[in-house]
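In: Need the 3D shape of this:
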Amino acid sequence: MQYRGELDGLRAIAVIPVVLLHAGFKLFGGGFVGVDVFFVISGYLITSIIIEEKQNDTFSFSRFYERRARRILPALFGMLLVCVPLALQCSLPQEMNYFSQGVLAVLGFVSNVFFSHTTGYFGVGSTLNPLIHTWSLAVEEQYYILFPALLLLLWRLGVRTAFATLGVIAACSLIAAQYYAKADSQFDFFLLPTRGWEILAGALIACYARHLEQGGAAVLLRESGSLIGIALIAYAVFFFDDGTPSPSLYALIPVLGAVLVIVYADESTLVGKMLGLKALVGVGRVSYSLYLFHQPVLAFARQRLLAEPDLLTVSVLLLVTLALSYASWRFIEQPFRNRTILSRPRLFTIGGCAAVCLLASALSGWRTNGFPARFDKTEKINQQLVRTVVVERARVVRGDVCQFNNVTHIGVDGFLHQWNCKDDSAFPHLVRIPVIITGDSHSADKVIALKLNGLLPLQIGGAGCSVVPSRMSGDCQRIYQRLYEVVAHDPYYQYLVLAHFFSESELTPDSIRETVAYWQRYNKKLVWFTPMPTFYLFAAHLERDQPARIDFRISDLSQREEISRILETSGIHIVDTKRLFCSLNDCGYVSREGCVLMTDDSHLSLWGARLFGRALLATDPLFSQWGGAAAGGDTSRELEACHKPVV
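Out: Residues are numbered from 1 along each chain as shown. The predicted model follows:
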């Protein structure tokens with residue numbers, strides 16, 4: 001194909017927002033759409049090459065997959081080989097175990113499937129995951145296993161038939177993306193069926209290129225088309241955020257933008273000249289290695305620092321990333337793509353040896369649970385303490401019986417079938433109260449806090465279930481609908497508690513009004529728990545015997561005057577979670593008795609929940625009415641274990 005410098009520039013426009021988003025720059029809240037742009041570029045270029053070779057009768061599957069291997073695997077394996085010693089140095093056992101599983105998933109071209117079942121793309125967890133970004137490579141790898149055979153089969157039926165068929169498949173994929181944006185956001189974000197349409201958008205351009213006659217397009221059309229395209233991409237980068245369903249119909253904005261730039265931008269247009277600037281072209285050429293290395297550098301730095309890096313540190317890390325990216329491009333990408341330097345047998349010999357080394361280290365890390373022998377006795381004891389409080393809490397939460405937990409994959413139908421929380425064998429003698437508690441996993445903390453103080457509310461909710469209607473998944477909507485059917489017309493239950501760890505984008509006046517309107521239809525007195533303060537990397541700080549950094553940002557945002565005014569005007573009772581928690585021991589993660597109050601960054605341990613519930617009943621004007629009843633309730637002594645970290 002004829003080289004187009006503006007496409008390298010477009011690669012730079014795609015990768016830079018991704019890197020800056022992952023580096024923590026909030027201005028680039030929609031930086032993740034850079035991957036959407038990459039998909040379009042990839043679909044266009046690879047399909048163009050296949051078509052050109054088919055027309056010249058030079059296409060072969062072996063050459064195609066060899067090119068893909070030369071393009072993708074050397075730099076990918078190089079990145080993984082750099083990550084292994086960094087993980088040994090920076091990661092705690094549970095992180096190392098998870099990293100090892102991630103390496104196995106990458107080697108199997110299924111990291112997108114792995115991450116769709118184990119983590120989300122947004123939030124603290126993803127910023128600490130050095131391999132989360134490989135999901136997009138897995139999508140492309142899966143796509144190109146299937147696509148060449150399909151295209152050649154369709155090509156025999158004619159260009160128009162091929163174009164129409166691929167268009168239908170792309171439309172079905174887009175419809176699926178829109179559906180799963182609500183029904184299953186993890187599936188939607190990570191997997192090929194809902195991402196395929198973005199790559200096919202590029203493929204469709206290539207299939208129809210012979211009819212476009214780009215050079216004959218009017219100057220005004222080329223200029224306006226390319227300007228609109230780059231503006232659409234910029235809009236998505238700066239105005240999308242973690243609450244924007246992706247992919248969905250929203251993703252048409254950056255995808256259409258990329259399509260317009262590819263079709264209309266050339267060296268004669270303003271956009272083409274901008275994208276052809278040497279600096280952008282240079283970044284575009286190393287964009288693959290830059291994409292590969294930026295996330296491990298940032299994630300391992302966060303793990304080692306036990307903090308979000310400041311601006312100076314981020315700047316240094318980005319410079320390190322650029323240096324690694326150039327070295328990878330110069331000494332790995334370039335030689336391995338050159339058949340005169342590396343023949344096919346040498347390519348696969350070197351690649352096979354690297355894969356075996358990575359496989360051996362990943363299996364070892366997985367089977368040993370993260371090489372715990374690396375740590376001293378004190379660290380091992382504290383690591384066991386963290387595991388213990390997590391297991392204790394999980395047992396009492398009664399996941400998939402009282403609280404939907406999609407990690408176990410029984411499905412929402414299975415959960416609703418077995419949901420029965422009016423009694424609890426772990427708490428044999430509790431006093432029933434007319435309170436319903438719903439929301440995400442933080443609602444389970446409030447339930448445990450009351451149960452450990454002898455009271456039994458009605459519980460139904462789900463891990464990750466937002467109480468904001470526009471952010472509810474399909475599963476969560478069904479859970480809340482069951483709740484409505486059970487309690488809306490039951491006069492016994494008078495109070496409905498909403499407990500949720502809000503994202504920043506959910507804490508807007510419009511979002512709060514929407515939420516209030518939705519829950520008022522349940523005909524109950526609404527009770528609103530503000531979000532918990534968070535301890536950044538709580539487990540890592542505790543295991544290394546360091547004071548954790550507490551973050552009040554989300555908690556404070558939830559109590560802004562304009563939000564409080566909406567809630568109070570609506571007659572909603574507000575419980576200040578931050579005040580209650582900080583009363584336990586001046587906002588520390590260890591109680592006055594020296595017992596651990598947390599299980600992770602934002603969830604209470606059983607000891608912490610018991611003390612939190614006691615403070616709630618003693619000081620809150622609404623819950624204090626059940627303080628006397630709580631004294632008559634009986635809770636199991638084994639649930640009150642005090643776990644003290646070793647110092």
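
In: max-length strand in this structure?
Out: For the chain, the strand with the greatest residue count under DSSP state E is strand 431-439.

In: list the helices and strands that strand packs on?
Out: helix 441-451, strand 455-459, strand 461-462, helix 474-487, strand 495-499, helix 627-632 (3 or more C-beta pairs under 8 Å, 6 or more residues apart in numbering; DSSP states H and E). Glycine gets a C-beta too; all of them are placed from N, C-alpha and C.

In: how near is Ala488 to Gly464?
Out: 24 Å (C-beta to C-beta, to the nearest Å).

In: what about those two, which has more around it?
Out: Higher neighbour count among Ala488 and Gly464: Gly464, with 20 against 13, using other C-beta atoms under 10 Å.

In: How about the backbone phi and psi for the more buried one?
Out: Reported as degrees, to the nearest 10, the phi and psi values for Gly464 are phi 80, psi 10.

In: Show me which positions of the longest strand of the chain end up buried.
Out: Across strand 431-439, burial judged by 16 or more other C-beta atoms under 10 Å covers Val431, Ile433, Pro434, Val435, Ile436, Ile437, Thr438, Gly439.

In: Now distance to Ser361 and pLDDT too, for the residues you listed, in TSV please.
Out: Output for the buried residues of strand 431-439, formatted as TSV (distance: C-beta to C-beta, whole Å; pLDDT from 0 to 100):
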residue	distance to Ser361	pLDDT
Val431	54	89
Ile433	53	93
Pro434	56	94
Val435	51	95
Ile436	49	95
Ile437	45	95
Thr438	44	94
Gly439	41	94
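
In: lowest average confidence, helix or strand, in the chain?
Out: The helix or strand of the chain with the poorest confidence is helix 209-212; it has a mean of 56 (mean pLDDT, DSSP states H and E).

In: Export only the CA atoms of the helix or strand following that helix, formatted as CSV.
Out: Using DSSP states H and E, the helix or strand that follows helix 209-212 in sequence is helix 219-239. What follows is helix 219-239, C-alpha atoms only, in CSV (Å, rounded to 0.1, in the frame of the first residue of the first chain):
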residue,chain,number,x,y,z
VAL,A,219,-11.8,20.4,-2.1
LEU,A,220,-14.6,21.7,0.2
LEU,A,221,-15.7,18.1,0.9
ARG,A,222,-12.2,16.9,1.7
GLU,A,223,-11.6,19.8,4.0
SER,A,224,-14.9,19.8,5.8
GLY,A,225,-15.1,16.0,6.0
SER,A,226,-11.7,15.7,7.6
LEU,A,227,-12.3,18.6,10.0
ILE,A,228,-15.6,17.2,11.1
GLY,A,229,-13.9,13.8,11.6
ILE,A,230,-11.1,15.2,13.9
ALA,A,231,-13.7,17.3,15.7
LEU,A,232,-15.8,14.3,16.5
ILE,A,233,-12.7,12.4,17.9
ALA,A,234,-11.8,15.5,20.0
TYR,A,235,-15.3,15.8,21.3
ALA,A,236,-15.3,12.2,22.5
VAL,A,237,-11.9,12.5,24.1
PHE,A,238,-12.8,15.6,26.1
PHE,A,239,-16.5,15.1,26.8
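
In: Show me what counts as buried in helix 219-239.
Out: Arg222, Glu223, Gly225, Ser226, Leu227, Gly229, Ile230, Leu232, Ile233, Ala236, Val237.

In: Tell me which other helices or strands it touches.
Out: helix 5-22, helix 33-55, helix 252-264, helix 270-275.

In: what angle sits between the second one and helix 5-22?
Out: Computed with axes from the mean of the first three to the mean of the last three C-alpha atoms, to 10 degrees, the direction of helix 33-55 lies at 150 degrees from that of helix 5-22.

In: quick one: helix 33-55 to chain centroid distance?
Out: Between the mean C-alpha location of helix 33-55 and the chain-wide mean there is a distance of 26 Å, by C-alpha atoms, centre = their mean, to the nearest Å.

In: What angle do helix 252-264 and it make with each other?
Out: Counting by the same axes, to 10 degrees, helix 33-55 lies at 40 degrees to helix 252-264.

In: the inter-axis angle of the helix or strand following helix 33-55 versus helix 33-55?
Out: Following helix 33-55 in sequence order, the next helix or strand is helix 61-90 (DSSP H and E). Interaxial angle, helix 61-90 versus helix 33-55 (the same axes, to 10 degrees): 150 degrees.

In: where's helix 61-90 relative to the chain centroid, distance-wise?
Out: Centroid displacement of helix 61-90 relative to its chain, using C-alpha atoms, centre = their mean, is 23 Å.

In: Return the list of helices and strands in contact with it.
Out: Against helix 61-90 (3+ C-beta pairs under 8 Å, 6+ apart) you get helix 93-107, helix 135-155, helix 287-305, helix 311-328, helix 334-337, helix 344-367.
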